[in-house]
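Engineer: Sequence first, then the predicted structure:
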Amino acid sequence: MKKVNVITYYDKLEWKAKLNGIDDIDIYFTPEYCKIYEDNGDGEAKLFEYEDEDVIILYPFLCRVINKLNQFSNLKNKVYDISTPYGYGGPLIKIKNQNKEVENSIKSFSNEFHKYCLSENIISEFIRFHPLLQNQNIFKDIYKLKKHNTIVFNCTEKDIEEIWNNDLQKSARNAIRKSRKNGIEVFVCDANSKNYNDILNQFKTLYYSTMDKRNASNYYYFNKRYFSNFRELLRNNHKIFYVKYDKKIVAASIVMVMGDYIHMHLSASNKEYLYLSPNNSMDYEIIKWANYKGYKFVHHGGGTSSDPDDKLLKYKASFSKDKSDFYLGYKIHNRDVYKKLCDLNENIVIEDIDNIYDKVDYFPLYRYNL
């Protein structure tokens, strides 16, 4: 028995029903989360389903039209590539019989997905694997993998005093004490709170200011619909934590919640008040809240680079000793068209054109600087 199926957001009830059969489901795999990024212009949200007698594999992704890029607008045929929505994802697997080897099923999934990609003119595939689920391990033989960076997380099933004394570094504890002493207060609201719209609007102002401070690319200046979709699509799966000082919001964070996991999704702060360490207090209150509510993990994310001395990574690591590697996955499904697209991109300068298929510093390479 072998079954292959492709589901879109418009069949979201079927999509969600399929996910219910998989262990360790997280927010990133849901149709609602993927829809947020479809509406953001990142591609059409789809779920590829593979099933045989030994496994069920579910793989959500976004399918992007390559021809929308000016460099490729004159192509005769419409071509696509696929990517994980912003954050994490990749294929999920349920092994029906734990006593059976699944290598053949993984290869069969790979072959079936490759056939699907060729039939749909999908040229390449880019995956951000889930660093807590570590789902790259079971698919390592069918993708080219590269470690991107390291992420930090807290195991919040521990006693909160143990987290305070053993997980937090002295620098973090001192910063939290300092912010409390200076009158910092941390609050939380959700989509059902009366003040939600006001808090969300203030978060957006802080967020855009933070992106300015970081010289972020245009992509990270998410539009109004992106934020309103959190209320419409992830109503019960997100919270906004915010910090007040002298009746003013000086830091805030949107966190996503589902199953065992809390993810710090987007954060922002007013740089004029950073001397009060508002982020330290807020992040610790998120950990405390997760502990109180019974969540198992708080995922802080990683740094802005792969450098182990990355400043943001060091800050996050001050809250926990627990770390996990974050991997990217790559696959080219049509090498001839991939090369043609690279040839059409005038921004690419390659000494050895035969090696374009092995270059993953920027993938897919044909999108470089476009």
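Structural biologist: Yes, it's here.
Engineer: Please, where are all the strands along the stretch 1-150 of the chain?
Structural biologist: Here the stretch 1-150 of the chain has its strands, by DSSP state E, counting those that start in this stretch, at 2-8, 44-52, 55-65, 80-83, 92-95, 122-128, 144-155.
Engineer: angle of the third one against strand 2-8?
Structural biologist: Here the directions of strand 55-65 and strand 2-8 differ by 40 degrees (axes from the mean of the first three to the mean of the last three C-alpha atoms, to 10 degrees).
Engineer: For strand 55-65, list every residue counted as buried.
Structural biologist: Going by neighbour count (16 or more other C-beta atoms under 10 Å), the buried part of strand 55-65 is V55, I56, I57, L58, Y59, P60, F61, L62, C63, R64. Backbone N, C-alpha and C define where each C-beta goes, glycine included.
Engineer: could you dump those to a markdown table with pLDDT?
Structural biologist: Converted to a markdown table, the buried residues of strand 55-65 look like this (pLDDT from 0 to 100):
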| residue | pLDDT |
| --- | --- |
| V55 | 95 |
| I56 | 96 |
| I57 | 97 |
| L58 | 97 |
| Y59 | 98 |
| P60 | 98 |
| F61 | 98 |
| L62 | 98 |
| C63 | 98 |
| R64 | 98 |
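Engineer: From the residues you listed, pick the one nearest E272.
Structural biologist: Nearest to E272, judged by C-beta to C-beta, of these is L62 at 37.4 Å.
Engineer: What residue, apart from its backbone neighbours, is nearest that closest one spatially?
Structural biologist: Once flanking residues are discounted, L62 sits nearest to G43: 3.4 Å by C-beta to C-beta, 6 or more residues apart in numbering.
Engineer: Is it correct that the one you found is in contact with Y86?
Structural biologist: No - contact criterion C-beta atoms under 8 Å: G43 and Y86 do not qualify, at 11.1 Å.
Engineer: can you list residues touching both of those two?
Structural biologist: Common neighbours of G43 and Y86 (criterion: C-beta atoms under 8 Å, 6 or more residues apart in numbering): Y37.
Engineer: Go ahead and name everything in contact with whichever strand or helix holds L266.
Structural biologist: Using DSSP states H and E, L266 falls within strand 261-269. For strand 261-269, contacts defined as C-beta under 8 Å, 6+ apart pick out 26-27, 87, 132, 156, 203, 206-207, 209-210, 238, 243, 250-257, 278-279, 283, 286, 290, 295-301.
Engineer: So which bits of whichever helix or strand comes after it are buried?
Structural biologist: Downstream of strand 261-269, the next assigned helix or strand under DSSP H and E is helix 278-293. Judged by neighbour count (16+ other C-beta under 10 Å), helix 278-293 contains these buried residues: 278-291.
Engineer: Dead centre of the chain: give me the residue that sits there.
Structural biologist: By C-alpha atoms, centre = their mean, the chain has its centre lying nearest to G87, at 0.9 Å.
Engineer: With adjacent residues omitted, what lies nearest to that residue?
Structural biologist: Y28 (5.0 Å).
Engineer: ok, the buried residues of strand 55-65 vs E32, which is closest?
Structural biologist: Proximity of the buried residues of strand 55-65 to E32 (C-beta to C-beta) peaks at P60, which lies at 11.0 Å.
Engineer: Okay, and the beta partners of that closest one?
Structural biologist: Taking DSSP bridges as the rule, P60 bridges to L47.
Engineer: ditto for I95
Structural biologist: V55.
Engineer: which stretches of the stretch 101-250 of the chain have low pLDDT?
Structural biologist: Within the stretch 101-250 of the chain, not a single segment meets pLDDT under 70.
Engineer: can you pull out the helices in it?
Structural biologist: 103-119, 160-162, 170-181, 196-213, 224-233 (DSSP state H, counting those that start in this stretch).
Engineer: what's the closest residue to F29 other than its chain neighbours in contact with, if anything?
Structural biologist: Leaving aside its sequence neighbours, F29 sits nearest to P60 (C-beta to C-beta, 6+ apart; 5.3 Å). Applying C-beta under 8 Å, 6+ apart to P60 gives the contacts Y28, F29, P31, C34, A45, K46, L47, F48, T84, P85, G89.
Engineer: For I127, see how far away P60 is.
Structural biologist: Taking C-beta to C-beta, to the nearest Å as the measure, P60 and I127 are separated by 11 Å.
Engineer: Mind listing the shared neighbours of these two?
Structural biologist: T84, G89.
Engineer: Look up how far T8 lies from the residue nearest to F29.
Structural biologist: With C-beta to C-beta as the criterion, P60 and T8 are 11 Å apart.
Engineer: overlap in contacts of these two?
Structural biologist: Listed as contacting both P60 and T8 by C-beta under 8 Å, 6+ apart are A45, K46, L47.
Engineer: So what would you say the end-to-end distance of stretch 343-359 is?
Structural biologist: Using C-alpha to C-alpha, to the nearest Å, one end of stretch 343-359 lies 14 Å from the other.
Engineer: where's it relative to the chain centroid, distance-wise?
Structural biologist: 28 Å (C-alpha atoms, centre = their mean, to the nearest Å).
Engineer: Now do it: everything it contacts.
Structural biologist: Residues from elsewhere that reach stretch 343-359 (C-beta under 8 Å, 6+ apart): 71-72, 144, 332, 335, 338-339, 342, 365-370.
Engineer: same thing but at 6 Å, please
Structural biologist: Q71, I332, C342, L365, Y366, Y368, N369 (C-beta atoms under 6 Å, 6 or more residues apart in numbering).
Engineer: my read is the third one is in a helix, agree?
Structural biologist: Yep, that's C342 we're talking about. Yes - counting by DSSP: H, G, I helix; E, B strand; the rest coil, C342 falls inside a helix.
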